[in-house]
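[1] Here's a sequence, model it:
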Amino acid sequence: LDSGGATADTTATLSACLNEHVEYMAEIQERIDKGETPLIPTGIATLDANCGGIGPNEYWLVTGPTKSGKSVLTGNISTHAARRGFPTVVFTNELGRVQYTGRLIAAETSAFLGRIDRHGFKERAEQDSYMDAIKRLRQDAGKSYKIDTSAGRYVEDITAQIRSEAQAGFKLFIVDLIGKLRTRSKFGSREQELAHISLTLCDATKKYNVAIIAVAQENADGDVRESKSLAMDCECWLKVAHVMTSPEKKRGFGKASEPEIVRDRRDIIVELARGFASGDKIRCLFDGPRFTIRELARDGEETHWTDK
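    Below is the predicted model of the structure:
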């Protein structure tokens with residue numbers, strides 16, 4: 001196809017843009033004709049059905065309070081994507097590689113293996129489950145999944161690595177946690193600095209034709225702790241929220257019981273995404289120690305991953 005007059009990485013004539021769209025649709029149709037998923041599947045059935053998955057050039061944001069399950073959600077999305085032909089890189093400054101890998105292994109088994117890195121195997125069945133999990137992960141995503149645990153990274157170094165990995169065929173990048181990134185540029189406040197970091201990651205999706213999911217903390221009011229501008233940069237914003245019990249009223253003048261966290265449930269609140277109204281909720285089964293989150297059907301039963 002003729003370049004049509006593209007003059008810069010971010011500027012092109014309509015003719016060039018039309019050529020780019022034809023190439024994009026040809027790639028999408030090729031995957032469909034092969035029986036493959038055209039967009040990156042998340043594994044959350046309702047999310048994939050409504051918005052189709054994560055598109056190339058898209059910047060997604062996952063937020064939630066501390067210990068809500070943000071890393072569990074992005075970890076499940078990343079392994080699901082890698083297994084379905086979308087090589088993935090996870091940048092995490094929350095855990096070391098051994099600990100993060102242990103979570104992936106625990107998600108593969110029916111036996112609880114979250115404690116083995118501290119207490120070892122208690123019985124032969126655990127050891128067998130451990131070896132089976134490693135075999136499956138190695139076979140399904142051993143070469144198409146990378147974990148980077150460098151702490152205190154500069155966003156400029158992250159985007160340089162994204163460029164290199166994109167050239168090698170990697171399609172999805174998880175940045176967990178954006179609040180711990182830095183930049184070599186100088187700003188008057190941390191909020192301005194984080195706004196620049198977020199915009200740099202967003203720009204990288206367009207420059208290198210990849211998808212990026214950034215993870216950020218929420219404060220007590222439910223706002224993004226790092227910078228409100230993060231929500232303005234993204235194509236999709238998912239909030240992971242605790243599910244609370246309903247307060248029970250006592251007879252007479254007794255004080256109603258305080259709501260408590262339901263430990264094995266989480267809500268994914270869709271603040272922004274195609275095919276959703278802001279505030280739509282997806283109820284999920286949650287198991288933090290086993291690094292697992294699954295959408296629940298209306299009858300309360302666990303659903304299965306999509307596009308098997």
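[2] how far does stretch 218-230 stretch from start to finish?
    One end of stretch 218-230 sits 12 Å from the other (CA to CA, to the nearest Å).
[3] Then stretch 62-70?
    Start-to-end, stretch 62-70 (CA to CA) is 7 Å.
[4] residue contacts, residue 30?
    Counting by CB atoms under 8 Å, 6 or more residues apart in numbering, residue 30 touches no other residue. To be clear about C-beta, it is placed using only N, CA and C from the backbone, and glycine gets the same treatment.
[5] Sketch out the low-pLDDT regions of the protein for me.
    Scanning the chain for pLDDT under 70 picks out the ranges 1-9, 112-115, 220-227, 247-257, 298-308.
[6] Which residue lies nearest the spatial centre of it?
    residue 74 (3.0 Å; CA atoms, centre = their mean).
[7] Distance check, the nearest residue to that one once chain neighbours are set aside against residue 162.
    Spatial nearest neighbour of residue 74, excluding adjacent residues (CB to CB, 6 or more residues apart in numbering): residue 174 at 4.9 Å. Residue 174 is 11 Å from residue 162, where distance means CB to CB, to the nearest Å.
[8] try residue 170
    Here the criterion is CB to CB. By it, residue 170 lies 8 Å from residue 162.
[9] Give me the common contacts of these two.
    With CB under 8 Å, 6+ apart, residue 170 and residue 162 have common neighbours 89, 210.
[10] Surely residue 98 touches residue 116?
    No - in terms of CB atoms under 8 Å, residue 98 does not count as a neighbour of residue 116; the distance is 11.3 Å.
[11] In terms of neighbours, single out the busier of these two.
    Shown here are residue 98 and residue 116; by other CB atoms under 10 Å, residue 116 has more neighbours (18 against 10).
[12] Now do the contacts for the more buried one.
    102, 126, 130.
[13] Just the CA trace of stretch 176-193, in PDB.
    C-alpha atoms of stretch 176-193 as PDB (Å, rounded to 0.1, in the frame of the first residue of the first chain):
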ATOM      1  CA  ASP A 176       1.500  -2.800  38.200                       C
ATOM      2  CA  LEU A 177       1.700  -0.300  40.000                       C
ATOM      3  CA  ILE A 178       1.800   3.000  38.100                       C
ATOM      4  CA  GLY A 179       2.100   5.000  41.300                       C
ATOM      5  CA  LYS A 180       5.600   3.600  41.800                       C
ATOM      6  CA  LEU A 181       6.900   4.700  38.400                       C
ATOM      7  CA  ARG A 182       9.100   7.800  38.000                       C
ATOM      8  CA  THR A 183      10.000  10.000  35.100                       C
ATOM      9  CA  ARG A 184      13.200  11.900  34.200                       C
ATOM     10  CA  SER A 185      11.200  14.900  33.200                       C
ATOM     11  CA  LYS A 186      10.700  17.600  35.900                       C
ATOM     12  CA  PHE A 187       7.300  18.700  37.200                       C
ATOM     13  CA  GLY A 188       6.000  20.900  40.000                       C
ATOM     14  CA  SER A 189       4.000  18.200  41.700                       C
ATOM     15  CA  ARG A 190       3.700  14.500  41.900                       C
ATOM     16  CA  GLU A 191       0.200  14.600  40.400                       C
ATOM     17  CA  GLN A 192       1.600  16.400  37.300                       C
ATOM     18  CA  GLU A 193       4.400  13.800  37.200                       C
END
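[14] ok, now which ones touch residue 293?
    Applying CB under 8 Å, 6+ apart, the residues near residue 293 are 69, 72, 73, 76, 266, 284, 285, 286, 287.
[15] would it count as being in a strand?
    Yes - assessed by DSSP: H, G, I helix; E, B strand; the rest coil, residue 293 belongs to a strand.
[16] From residue 34, how far out is it?
    For residue 293, the distance to residue 34 (CB to CB) stands at 29 Å.
[17] Could you give me the buried positions within whatever helix or strand residue 26 lives in?
    Assigned by DSSP states H and E, residue 26 falls within helix 14-33. Going by neighbour count (16 or more other CB atoms under 10 Å), the buried part of helix 14-33 is 16, 19, 20.
[18] List just the nearest of the residues you listed to residue 202.
    Closest approach between the buried residues of helix 14-33 and residue 202, by CB to CB: residue 20, at 18.3 Å.
[19] circling back: what's downstream of the helix holding residue 26, the next helix or strand?
    The helix or strand immediately downstream of helix 14-33 is helix 45-51, counting by DSSP H and E.
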